[in-house]
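> I'd like to go over a predicted model; first the sequence, then the structure.
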Amino acid sequence: MVVVYTAVGETLLLERLRPVFWQSVTGSLEWHNETSEDAARREVYEETGIESAAGWVDWKISRYFPILPAYQDRFAPGTRVNQEHMFSLQLPEPCSVKLMREEHSDSEWLPLTKGRDRVWSWTNRAALDQVAALRA
């Protein structure tokens, strides 16, 4: 998971197509030798069109959660728990977003606290809380 946010405390959320819910940037490792950091950077670019060399933080936090039945086909047979690594990307200000239309229908920049109330997953709320606490 990557929490993309600005210096003034706005976060970027994406509205997922199916099932419909709001989230930060998420994704999976695509290659056996891809690192979590490489995957985070790739997913931010693929899902938003945002490229940035600066502003990245690897929080060195992993969270585990059960995989929803709707997503079982994305994982190896028998995999029931997903490991999610937390990253953040701070940008100077909100920017335009080029959505990956196969996955997301909308995007919105909003204050971190409002973002926390909009996201569906507990891991996303926890990540937004941590970024907000860093700014406090």
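Sure, I can see it. Keep in mind that this is a model prediction, so the values were computed, not measured. Residues are numbered from 1 along each chain as shown.
> partners of the residue nearest to residue 126 when sequence neighbours are not counted in the sheet?
In space, and not counting its chain neighbours, residue 126 is closest to residue 63: 6.8 Å by Cβ to Cβ, 6 or more residues apart in numbering. Placement of C-beta: from N, CA and C, glycine included. On the basis of DSSP bridges, residue 63 is bridged to residue 84.
> so who does the most centrally placed residue in the chain touch?
Nearest residue to the geometric centre of the chain (Cα atoms, centre = their mean): residue 25, 2.5 Å. Residues in contact with residue 25 (Cβ atoms under 8 Å, 6 or more residues apart in numbering) are 1-4, 12, 14, 40, 43-44, 47-48.
> Could you check how many residues crowd around residue 100?
Residue 100 has 16 neighbouring residues, counting by other Cβ atoms under 10 Å.
> if I've got this straight, it is in a strand?
No: in this structure, residue 100 is coil, not part of a strand, as judged by DSSP: H, G, I helix; E, B strand; the rest coil.
> any idea how far residue 49 is from it?
Distance of residue 100 to residue 49, computed by Cβ to Cβ, to the nearest Å: 9 Å.
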